[in-house]
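In: Structure for this input, please:
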Amino acid sequence: MTTDKNTADWDAGIEVNPVAGHIGAEITGVDLADDLDDAVVAAIRAAVLRWKVVFFRGQKLDHAGHVAFARRFGEPVVLRKRGSASPTEFPEVETTADRLELGGKFGMEHEEWLRRRRHTLLRGWHCDHGARVDPPAATVLRAETVPPYGGDTTWSNLAAAYAGLSAPVREFVDGLRAEHRLGVGYQPRPGDDAYVRHLLDHQVASLHPLVRVHPETGERILYVNGYYVEQIADLSRAESRAVLNLLLEQAVRPEYTVRFRWEPGSVAFWDNRATIHLAPSDNAHLDFPRTMHRVMLAGDVPVGVDGKRSEAITGSAVGRW
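Out: Numbering: from 1, shown residues only. Predicted coordinates:
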């Protein structure tokens, strides 16, 4: 499955239809609630590695089926803390409606909470839990209730973004490392800010290679995002800012992205090691519910082109959530 035309794995009985030039494919011919045979699992895994994010529509998964499907591809992460919307009997499932509670915990309406965390376009782009020393390998996100319009998610292919850099720039960034820290992009409120105090009390930061080598495909990944990364190690603040702006703009060029329109029963499965994504911000003012359920798969410690592994600075340890 390496061409840009519609492709099919007839042995597995599924069809993989690419939806954009560098990233994204829709998979049909499979019911994710079934007990999938190994050939189907292998075909889906190959599609995720090739297209970085794959989409399924019209699925009838419940929480148990969601976890069972995700487990065919790795070990689901169990978070120590989740909000009240997440199902207590399925600790692997995090319900994204929990995030509507977060601003209120710190004295803010949800719209203000979003505005302070994502005050520029680039700040919104992220991989899941990128400040950890071992970010999740993949995420499986399921839509339960979605608005009739708005609420799309966009992903970008960081392998394609790296390949699109000029050779001298690739050589320059191959040996660099950057600090990924929770909350670096947050714009504090005037005066006392409860969320700033929370961030100081719950710091999470790691030193990751700026270019990581994908553990399964061997691709070089431009490992940047706007949400966690603010400083490249060994560069001055001015140099770091200029280089990061260049790389972030490269990472989210439209030709490397795909945008997905959710429907109830839609499922997106993405490689968290090779993508960043942008959650919607066009529906916070709309009076429509948007309930999504997420299962993340445990990941490894990133390795750079030089063979060096990421290092935890504070707040995370391998395999300990």
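In: any idea how far the closest residue to H22 other than its chain neighbours lies from C127?
Out: Leaving out its chain neighbours, the residue that sits closest to H22 by CB to CB, 6 or more residues apart in numbering is A160, at 4.2 Å. C-beta here means a position set from N, CA and C on the backbone, and glycine is covered the same way. With distances taken as CB to CB, to the nearest Å, A160 is found 15 Å from C127.
In: ditto for V146
Out: When CB to CB is the yardstick, V146 and C127 sit 23 Å from each other.
In: quick one, which of the two is more surrounded?
Out: The neighbour count for V146 versus C127, taken as other CB atoms under 10 Å, is higher for C127 (25 against 22).
In: isn't that one right next to N272, touching?
Out: Yes - counting by CB atoms under 8 Å, a contact exists between C127 and N272, whose distance comes to 5.2 Å.
In: what is in contact with these two at once?
Out: Each of P135 lies in contact with both C127 and N272 under the rule CB atoms under 8 Å, 6 or more residues apart in numbering.
In: so where is this structure shaky, pLDDT-wise?
Out: 1-11, 97-103, 110, 113, 117-120 (pLDDT under 70).
In: try it again with 90
Out: The chain contains residues with pLDDT under 90 at 1-13, 80-85, 96-124, 150-151, 182-202, 227, 230, 279-290.
In: where along it do the helices fall?
Out: Counting by DSSP state H, the chain has these helices, from start to end: 38-51, 63-71, 102-105, 110-117, 158-163, 167-174, 194-201, 237-251.
In: who wins for proximity to A85 among the ones you listed?
Out: Checking the helices of the chain against A85 by CB to CB gives helix 102-105 as the closest, at 11.3 Å.
In: List the contacts of the closest residue to H126 other than its chain neighbours.
Out: When the adjacent residues along the chain are set aside, H126 lies closest to Y227, with 3.6 Å between them (CB to CB, 6+ apart). Remark: with contacts taken as CB under 8 Å, 6+ apart, Y227 is in contact with 117, 123-126, 130, 184-185.
In: Would you quantify the distance from H198 to L207?
Out: Distance of H198 to L207, computed by CB to CB: 23 Å.
In: cool, V67 as well?
Out: In this structure, V67 and L207 are separated by 32 Å, where distance is defined by CB to CB.
In: what distance separates the start and the end of stretch 213-227?
Out: 21 Å (CA to CA, to the nearest Å).
In: same question, stretch 16-36
Out: Using CA to CA, the gap from the first to the last residue of stretch 16-36 comes to 16 Å.
In: what does it rub up against?
Out: Contacts for stretch 16-36 (CB under 8 Å, 6+ apart): 1, 4-9, 13-15, 40, 43-44, 47, 50-57, 59-62, 65, 69, 72, 155-157, 160, 255-258, 260, 267, 275.
In: Need the buried ones from these selected in ChimeraX.
Out: Buried members of the contacts of stretch 16-36 can be picked out in ChimeraX with the line below, counting by 16 or more other CB atoms under 10 Å:
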select :7,9,14,15,40,43,44,47,50,51,52,53,54,55,56,59,61,65,69,155,156,157,160,256,257,258,260,267,275
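In: Which ones among the contacts of stretch 16-36 map onto strands?
Out: Judged by DSSP state E, the contacts of stretch 16-36 include 7-9, 14-15, 53-56, 155-157, 257-258, 260, 267, 275 as members of strands.
In: ok now do the closest residue to P148 other than its chain neighbours, which residues does it touch?
Out: Of all residues beyond its chain neighbours, the one nearest P148 is F288 (6.7 Å), with distances taken as CB to CB, 6+ apart. Taking CB under 8 Å, 6+ apart as the criterion, F288 is in contact with 146-148, 150-151.
In: Equivalent analysis for V173, please.
Out: 165, 210-211, 222, 243, 247.
In: Compare those and tell me which has the most neighbours.
Out: L222 (27 neighbours).
In: shouldn't that one be in contact with V169?
Out: No - with the criterion set as CB under 8 Å, L222 and V169 do not qualify as a contacting pair; they are 10.1 Å apart.
In: got a list of what the residue sitting nearest the centre point of the chain touches?
Out: Centroid check for the chain by CA atoms, centre = their mean gives C127 as the closest residue, at 3.3 Å. Contacts for C127 (CB under 8 Å, 6+ apart) come out as 135, 225, 272-273, 275-277.
In: one more time with 7 Å, if that's ok
Out: Under the criterion of CB atoms under 7 Å, 6 or more residues apart in numbering, the neighbours of C127 are 135, 225, 272, 275-276.
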